[in-house]
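S.K.: fold the following for me, if possible:
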Amino acid sequence: MLNDRIRASRGLTERKLQAIARAMHEERLAEVCTEQRATPDDAEYHSATNRAFVDYFHRLTSRGGHMSFLPDEQSALEAQGWDAQRIADLKTVIALRENKGVSPIRKDEIDRHLAAAGFAIDDRLRWMVELALYPTYRGVYADAEEQLRTLVGRNSAPAWTTPSTTCSPT
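M.R.: Numbers count the residues shown, from 1 in each chain. Reported below is the predicted structural model:
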């Protein structure tokens, strides 16, 4: 049994992993954009949500996984020019996962994609896919924000900017 698990983990190549991540990107983007189009009057709420999830997934990417919001982190983000609302929104998303177990990364979606690719599902494979989804889902919400701006006729650049991939809030 252990040998089967090791073989299954080795079978998940970077190419297959990225194919799963791309497919999940397309599915999530369609889901988010459909929701945004269904309620265009809530554009400000959708925009705040998109931006909070961009920040959240950027943080997951730069830190390599889930981590509580640390006191020093707020000071560092303020020094980078983040306003109080942006920091509060990020803290809210982090707290949803920590306090209520609510995560934008759904285990059943990962399992469905792994099974469709022919893998015996285990926690190691789930973790590998989840790590690949951090930058992928960051892109989903950045793309959704861009599409929302087009939908509501705000094609100008926002005052808020997407965190760069080179800086990390520490």
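
S.K.: quick one: buried residues of stretch 88-102?
M.R.: Neighbour counts over stretch 88-102 (16 or more other CB atoms under 10 Å) mark 89, 90, 91, 93, 94, 97 as buried. (C-beta placed from N, C-alpha, C; glycine too.)

S.K.: what residues are up against the fourth one?
M.R.: For residue 93, the contacting residues are 52, 53, 55, 56, 104, taking CB atoms under 8 Å, 6 or more residues apart in numbering as the criterion.

S.K.: same thing but at 6 Å, please
M.R.: Contacts for residue 93 (CB atoms under 6 Å, 6 or more residues apart in numbering) come out as 52, 56.

S.K.: likewise the second one?
M.R.: When contacts are counted by CB under 6 Å, 6+ apart, residue 90 is found next to 52, 55.

S.K.: separation between residue 82 and residue 52?
M.R.: 12 Å (CB to CB, to the nearest Å).

S.K.: ok, back up a step: in a markdown table, list the buried residues of stretch 88-102 along with pLDDT and secondary structure.
M.R.: Shown next, in a markdown table, are the buried residues of stretch 88-102 (pLDDT from 0 to 100; DSSP: H, G, I helix; E, B strand; the rest coil):
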| residue | pLDDT | secondary structure |
| --- | --- | --- |
| 89 | 97 | helix |
| 90 | 97 | helix |
| 91 | 96 | helix |
| 93 | 96 | helix |
| 94 | 96 | helix |
| 97 | 92 | helix |
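
S.K.: closest to the centroid, which residue in this protein?
M.R.: Centroid-nearest residue in the chain: residue 137, 3.5 Å away (criterion: CA atoms, centre = their mean).

S.K.: before we move on, which element is it in?
M.R.: Counting by DSSP states H and E, the element that carries residue 137 is helix 123-151.

S.K.: where do the helices of the chain begin and end?
M.R.: In the chain, the helices defined using DSSP state H lie at 2-11, 14-38, 43-63, 71-79, 84-100, 107-116, 123-151.
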